[in-house]
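Engineer: got a predicted structure plus its sequence, pasted below:
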Amino acid sequence: MNKFQRRHSCSSLPAMQTEQLSLYYGKKAAFTDITMPIEAGKITALVGPSGCGKSSFLSCLNRLTDLIPQTKVSGSIRLDSVEILSEQIDAIALRRRVGTIFQKPNPFPFSIWKNLAFPLQEHGIKNREQLALLIESTLQDVGLWNEVKDRLHTSALSLSGGQKQRLCIARALVLQPEVLLLDEPCSALDPISSGVVEDLIASLRGRYTVVIVTHNLAQAKRIGDYAALFWVQAEVGQLIEYGNVEQIFTAPQHSLTAAYVNGIRG
């Protein structure tokens, strides 16, 4: 068995763990020395002002940083106790286990059906009946099936903004990942669509490990189990405080956290 194939981890262990993780774009540090658990089956919200390294941290968790020239990552990221920064790790296999949803919905310029069939086919699933079952169940999961079942072969670009984002979440979920990374998934949506997507994210708790970057503190408080405050100190992103959401919002240990969650800073 390849050491990076899925395995059942002890429920007491975090799904992921970073140790002294640092990221540099050329000589410029995006963030340094971040040590943080990402608890299995829970929603972890990354909060803090713009430019403090939240999205950059997220991109490290499935090595999207590999795609950026002159990028250096140091430290450790473990997924099920396997070091994913190792040169022996297959980044494509990693991204199947750790999916990403971006700020702006980005469906492929294909039909709704093909948006979900394409990643499955790329990973070796060719049987038409199996594809149909997986696509229907995943669209049911994100609440889209009844809205699109009669137009599966029309362009995904014809969907509304909220529907496009739910389709992108479905495109990640259809590969049955363990971890889902979401980078401000509601910020480009109207309030009603944002609420629908937020409810969908909350419904993933327990089935998936979720890490979400959000500038919306109320959203972090509503859906998060854990929260991490990032900040810029000496022009470098830093993790200021990590804890369960109730503690972060009602009894923060750091003065910057208290100022931020109370609207005094940031």
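Structural biologist: Sure thing, it's come through. Source: prediction; values computed, not measured.
Engineer: show me the contacts for residue 75.
Structural biologist: Each residue near residue 75 by CB atoms under 8 Å, 6 or more residues apart in numbering is listed here: 18-22, 33-34, 85. (Each C-beta comes from the backbone N, C-alpha and C, glycine too.)
Engineer: which element is it on?
Structural biologist: strand 71-79 (DSSP states H and E).
Engineer: please compute how far that strand lies from its chain's middle.
Structural biologist: The chain centre lies 17 Å from the centre of strand 71-79; the measure is CA atoms, centre = their mean, to the nearest Å.
Engineer: checking the residue nearest the centre of the chain next. Helix, strand or coil?
Structural biologist: By CA atoms, centre = their mean, the chain has its centre lying nearest to residue 181, at 0.7 Å. When classified by DSSP: H, G, I helix; E, B strand; the rest coil, residue 181 comes out as strand.
Engineer: strands along the stretch 51-200 of the chain, start to end?
Structural biologist: For the stretch 51-200 of the chain, the strands defined by DSSP state E, counting those that start in this stretch occupy 71-79, 82-83, 98-101, 179-183.
Engineer: count of neighbours near residue 247?
Structural biologist: Neighbourhood size, residue 247 [other CB atoms under 10 Å]: 15.
Engineer: what sits closest to it if chain neighbours are left out?
Structural biologist: Once flanking residues are discounted, residue 247 sits nearest to residue 253: 7.9 Å by CB to CB, 6 or more residues apart in numbering.
Engineer: and residue 84, by the same measure?
Structural biologist: Distances taken as CB to CB, 6+ apart place residue 77 nearest to residue 84, at 5.0 Å, with adjacent residues excluded.
Engineer: re earlier: can you lay out the strands of the stretch 51-200 of the chain as TSV showing distance to residue 204?
Structural biologist: As requested, the strands of the stretch 51-200 of the chain are exported to TSV (distance: least, CB to CB, whole Å):
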stretch	distance to residue 204
strand 71-79	18
strand 82-83	23
strand 98-101	11
strand 179-183	7
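Engineer: do you know which of the ones you listed lies nearest residue 236?
Structural biologist: Proximity to residue 236 (CB to CB) singles out strand 71-79 among the strands of the stretch 51-200 of the chain, at 13.5 Å.
Engineer: show me what counts as buried in that closest one.
Structural biologist: For strand 71-79, burial by neighbour count (16 or more other CB atoms under 10 Å) applies to 71, 73, 75, 77-79.
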